[in-house]
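Peer 1: I'll drop the sequence and a predicted model, then ask my questions.
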Amino acid sequence: MTDSPSEQDQPSRSTGEARRSGRRWVRWLIGIGIVLGLVVVGAVVWFLWATRNPDVDSFYDPPDDVSAVPGTILRSEPFADGLPPGSRGWKVLYASTDADGRAIAVSGLVIAPDDPAPGPHPVLAWSHGTIGIARPCAPSNTDEPLAGIPDMTGPLAEGWVITLTDYPGLGTPSPHPYLVGESEGRAVLDSVRAAHQLGVGVELDDDYAIWGHSQGGHAALFAGQLAPSYLPEYPLAGVVALAPATTLQDNLAAIAGTEVGNVLTIFAVESWIDVYDDIPDDTLAERARRPAARIADACLNQPSRFRIVIEGLILPDTIVAIDPTSDPTWIKRLEQNTPDPVGVRAPLFVAQGLADTIIAPAVTTAWTTSRCDAGAPTVWQTYPDIGHQAVVEPGGADALAWTIERFDTATPPPNACPTD
């Protein structure tokens, strides 16, 4: 007996169905792969969009001629974002000079109390900590310019007018002279001149004080050091340095190889290569250069800070080919930008959290001890179990009480130095 046609066709039918089923699975897998690819691409596009830096508008573009008297207001406009209740503010562009004495423009903010007691009232110049070296990082270019700084409601309640410089190259065209003391210090001092020029509706006293944290503590120390020669027309009542960068070679060595240390080293290298002709272009290891360039374009106070986290994962274990803490050229520049312990002639308040992993307490202690040993008026205040950023809260509160006394010329400056 012969097989029926249906029985003869059965194997070929089964084979055809298997082939068609296999092709369907291949098409499904290809489709799933395409969808997943689109999801990944979409996620990357969304991440890049969500973490981009804000635009820097034309307010920050310097006029063609900035060779005005330092402190001259070049441009101003009202500013209200993130300010304490009972205050009003202005975004300002003012004339200053760089470390070589060239005329530049610097941006910042000026804040005044709405209804102060009868004057005159002093100026408090604030200098901010590390936020990056890219132009969009300027604090005045954010919705929360006072984030991460001491509570300023107390100073405003005292009737003080507050200046907050962005420093050169933040807001205004780069490069930003990160930890270049002469340039940062001049910008701080010229912000005091700018407040006197602006016309804030508050009668201003000639006395002023300077506060700063971290990089800003370094800037405050340099401003205090420069004050007698650069700003002789106004008397400096006192300087407050919260967890300041001091002996830069030791500061960098203490954080070398850490995640935070890598980012801060990159900021310093990328800035100083642009600022100084003698800093080697090949300071960074070759594998570190591309992610470092992207880190240098990001800001700690902008959404782009999340890019710093991603790029940090790409960095090699060793990011430098030339160690800044042992290279002779680097050492020369680090020493040049280390504030002189006795350079600030005015009374000085130094605050340091003892749990700080960014500014090593031992480095600040040694620097302050050398100042005390020279007999310079100093108050040393430490905070156990307090880290780098957290020190601004207790340090700011203690600095307020100390500064009120400094503006009272009848109160002699106290001394409290590190002890063994």
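Peer 2: Thanks, I have it.
Peer 1: In a helix, Glu335, correct?
Peer 2: Yes. Under DSSP: H, G, I helix; E, B strand; the rest coil, Glu335 sits within a helix.
Peer 1: That one contacts Gln249, doesn't it?
Peer 2: Yes. Using CB atoms under 8 Å, Glu335 makes contact with Gln249 at a distance of 7.0 Å. Using the backbone N, CA and C atoms, a C-beta is placed for each residue, glycine as well.
Peer 1: Of the two, give the one with the bigger neighbour count.
Peer 2: Taking neighbours as other CB atoms under 10 Å, Glu335 and Gln249 compare with Gln249 leading, 18 against 11.
Peer 1: So what touches the strand or helix carrying that one?
Peer 2: Here Gln249, judged by DSSP states H and E, is contained in helix 248-255. With contacts defined as CB atoms under 8 Å, 6 or more residues apart in numbering, helix 248-255 is touched by 179, 245, 261, 264-265, 268, 324-325, 331, 334-335, 337-338, 357-360, 362-363, 366.
Peer 1: Show me which of the residues you listed are buried.
Peer 2: Buried members of the contacts of helix 248-255, scored by 16 or more other CB atoms under 10 Å, are 179, 245, 261, 264-265, 268, 324-325, 334, 337-338, 358-360, 363.
Peer 1: just checking, which of those residues belong to helices?
Peer 2: Counting by DSSP state H, the buried ones among the contacts of helix 248-255 place 261, 264-265, 268, 334, 363 in helices.
Peer 1: quick one, what contacts Pro62?
Peer 2: Counted by CB under 8 Å, 6+ apart, Pro62 has contacts 74, 93, 104-105, 172-173.
Peer 1: and if we set it to 7 Å?
Peer 2: Neighbouring residues of Pro62 by CB atoms under 7 Å, 6 or more residues apart in numbering: 105, 172.
Peer 1: what's Leu164 sitting at in phi/psi?
Peer 2: phi -130, psi 90 (degrees, to the nearest 10).
Peer 1: what's the burial count for Ser326?
Peer 2: Neighbour tally, Ser326, other CB under 10 Å: 10.
Peer 1: Revised request: answer the last question for Pro145.
Peer 2: Neighbour number of Pro145 under other CB under 10 Å is 24.
Peer 1: Do you have the strands of the stretch 201-350 of the chain handy? List them.
Peer 2: 204-213, 236-242, 348-353 (DSSP state E, counting those that start in this stretch).
Peer 1: tell me the mean pLDDT for the second one?
Peer 2: Per-residue pLDDT values across strand 236-242 average out to 98.
Peer 1: same thing with stretch 60-69?
Peer 2: 95.
Peer 1: That stretch spans what distance, first to last residue?
Peer 2: Using CA to CA, to the nearest Å, the end-to-end distance of stretch 60-69 comes to 19 Å.
Peer 1: what about that stretch, distance to the chain center?
Peer 2: 24 Å (CA atoms, centre = their mean, to the nearest Å).
Peer 1: again, but for stretch 92-105
Peer 2: On CA atoms, centre = their mean, the centre of stretch 92-105 falls 19 Å from that of its chain.
Peer 1: So which residues make contact with it?
Peer 2: 59-60, 62, 66-76, 106-110, 168, 172, 177, 180, 182-183, 186-187, 190-191, 194, 198.
Peer 1: Which of the residues you listed fall within helices?
Peer 2: Short answer: those in helices (DSSP H) are 182-183, 186-187, 190-191, 194, 198.
Peer 1: Pass me the low-pLDDT residue ranges in the stretch 301-420 of the chain, would you?
Peer 2: By pLDDT under 70, the weakly predicted segments of the stretch 301-420 of the chain are 420.
Peer 1: so what's Pro116 up against?
Peer 2: Per CB under 7 Å, 6+ apart, neighbours of Pro116: 159, 202.
Peer 1: Might you list the low-confidence residue ranges for the stretch 1-150 of the chain?
Peer 2: Ranges of the stretch 1-150 of the chain meeting pLDDT under 70: 1-29, 31, 33-52.
Peer 1: Ser140 and Asn301: what is the separation?
Peer 2: 11 Å (CB to CB, to the nearest Å).
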